[in-house]
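**Q** Requesting a structural model of the entry that follows:
(one chain, ligands or ions: 1)
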Amino acid sequence: MESSLSSSASLKRRASCTCYCPSPGKPVLVVSWIENNPGRRFYGCPNYWVGRKCKYFQWVDDEICPHGKVLIPEQRHTILRLQVEVSTCKKREKCLAMSLILSLLMCGICLCVILVLVV
Ligand SMILES: [Zn+2]
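**A** Have a look, this model is predicted:
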């Protein structure tokens, strides 16, 4: 995915090689989901998730237009809702498949018992 986006003019800006931490690391590419910058990517401190973090921050993408600031969160919300629905449907499908297998097994046993009793 990253390679498909590499032709974007906004990606031509590069993050500096290291952040400002005492033991600096290579900045990581993160996606912002705050209201003013939904889906906008930036480079941040690699220690962001481990508690120790510096103030290193650099936008990668250009600012999002007002229409995008409304549309992107709506689409993200729709995607997340659909992912939950798909997950629920997959669980229901497994449950129905198990019920079908058990029903067929019960029918087979019943037929065997009837055949034994008749013969
Ligand atoms: Zn840092």
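**Q** Can I take it that residue 43 is in a strand?
**A** Yes: looking at residue 43 with DSSP: H, G, I helix; E, B strand; the rest coil, it is inside a strand.
**Q** residues contacting it?
**A** Neighbouring residues of residue 43 by CB atoms under 8 Å, 6 or more residues apart in numbering: 15, 27-30, 56-58, 60. Just so you know, the C-beta spots here come from the backbone N, C-alpha and C atoms, and that holds for glycine as well.
**Q** gap between residue 89 and residue 82?
**A** To residue 82, residue 89 is 10 Å away according to CB to CB, to the nearest Å.
**Q** Ok, residue 107 next?
**A** From residue 107 across to residue 82, the span is 36 Å (CB to CB).
**Q** on that earlier part again, identify those among the contacts of residue 43 that sit within strands.
**A** Secondary structure assignment by DSSP state E places 28-30, 57-58 of those in strands.
**Q** in what helix or strand does the residue positioned nearest the centre of the chain lie?
**A** In the chain, the centroid-proximal residue (CA atoms, centre = their mean) is residue 80; its distance is 8.1 Å. Here residue 80, judged by DSSP states H and E, is contained in helix 66-118.
**Q** So which bits of this protein are right by the ion?
**A** Selection of the chain residues close to the ion by CB under 5 Å from the ion yields 19, 21, 45, 47, 54, 56.
**Q** so where is this protein shaky, pLDDT-wise?
**A** The model of the chain has pLDDT under 70 over residues 1-16, 52.
**Q** Domain map for it?
**A** By the assignment in automatic domain parsing, the chain contains the domains 1-64, 65-119.
**Q** looking at those, which is buried most?
**A** Most buried of those, by mean neighbour count (mean count of other CB atoms under 10 Å): domain 1-64, with a mean of 13.
**Q** circling back: for the residues of the chain next to the ion, which two are the farthest from each other?
**A** Using CB to CB, the two most remote members of those are 47 and 56, lying 9.3 Å apart.
**Q** Now list whatever residues contact both of these two.
**A** Counting by CB under 8 Å, 6+ apart, the contacts common to residue 47 and residue 56 are 19, 21.
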